[in-house]
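Q: coords please:
(one chain, ligands or ions: 1)
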Amino acid sequence: MKPTHIEHIGIAVNSLAEAIPFYEKVLGLKCYSIEEVAEQKVKTAFFMVGQTKIELLESTDPEGPVGKFIEKKGEGIHHMAFAVENIEERLKEAEAAGVKLIDMQPRRGAEGLSIAFLHPKSTFGVLTELCEDKNKSK
Ligand code: CMX
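A: Okay, the predicted model is just below:
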């Protein structure tokens, strides 16, 4: 797959309002965007660290993926996202390698990226996301 870099690390939190001050005041990062992704039942906050982002995830519905995760495991690292090129091809490669796909086709995620998830049961317990910025690769 040869990811170019870690695009972001997703961290599940109970409350963006409570978590953001740690990233801003203690780590000295700037929250540059807050966005609701209704389809994923989350509100997100983004910080840039070098080439990589931190994505804080607050659930908007206890039945959504982050709501269920927090209920089961509590706050913490929720997923890791790799930047790839030609995401459709990368998904086919993952499937051919026996990895269970959550998304057969990429869909639109936060910041307008094309995203697709690989199932944590196939990726050694880490929910893994592939993402591509189609605007950048044009
Ligand atoms: N990391 C690792 N393991 C996870 C996990 C995560 N983030 N989420 C769930 N699991 C594990 C559970 O612990 C559980 O394991 P056990 O069977 O051993 O107990 C198993 O996966 C099934 O968990 P579940 O609570 O029953 O949840 P579902 O099967 O309904 O869904 C998953 C799990 C990963 C398929 C679902 O959360 C999903 O589709 N995630 C992708 C979408 C997503 O996470 N969106 C939020 C972020 C959006 C964004 O970044 O914009």
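Q: near the ligand, which residues of this protein are found?
A: Taking Cβ under 6 Å from any ligand atom as the measure of proximity, the chain contacts the ligand at 10, 37, 40, 42, 44, 55, 57, 65-66, 68-69, 72, 78-79, 102, 109-110, 117, 119-120, 125, 127. Yep, even glycine has a C-beta here, placed from its N, CA and C like the rest.
Q: of the residues you listed, select the buried ones using a ChimeraX command.
A: Selection command for ChimeraX covering only the buried members of the residues of the chain next to the ligand, criterion 16 or more other Cβ atoms under 10 Å:
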select :10,37,40,42,44,55,57,65,66,69,78,79,109,110,117,127
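Q: out of the residues of the chain next to the ligand, list just those in strands.
A: Judged by DSSP state E, those include 10, 37, 42, 44, 55, 57, 78, 79, 117 as members of strands.
Q: what sits closest to residue 106 if chain neighbours are left out?
A: residue 114 (4.1 Å; Cβ to Cβ, 6 or more residues apart in numbering).
Q: sorry, that was for residue 63
A: Going by Cβ to Cβ, 6+ apart, residue 63 has residue 41 as its nearest residue, at 7.5 Å.
Q: where does the protein dip in pLDDT?
A: 137-138 (pLDDT under 70).
Q: what segments of it are helices?
A: Shown for the chain, the helices assigned by DSSP state H span residues 16-21, 65-73, 87-96, 134-137.
Q: out of the ones you listed, the one nearest residue 1 is which?
A: Proximity to residue 1 (Cβ to Cβ) singles out helix 87-96 among the helices of the chain, at 5.1 Å.
Q: what does that closest one contact?
A: 1, 84, 101, 103-106, 114-116, 118, 130-132 (Cβ atoms under 8 Å, 6 or more residues apart in numbering).
Q: among those, which ones are in strands?
A: Using DSSP E, the members of the contacts of helix 87-96 that fall in strands are 114, 115, 116, 118, 130, 131, 132.
Q: in JSON lines: these, plus neighbour count.
A: Listed next are those as JSON lines, based on neighbours: other Cβ atoms under 10 Å:
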{"residue": "114", "neighbour count": "20"}
{"residue": "115", "neighbour count": "21"}
{"residue": "116", "neighbour count": "23"}
{"residue": "118", "neighbour count": "23"}
{"residue": "130", "neighbour count": "24"}
{"residue": "131", "neighbour count": "22"}
{"residue": "132", "neighbour count": "22"}
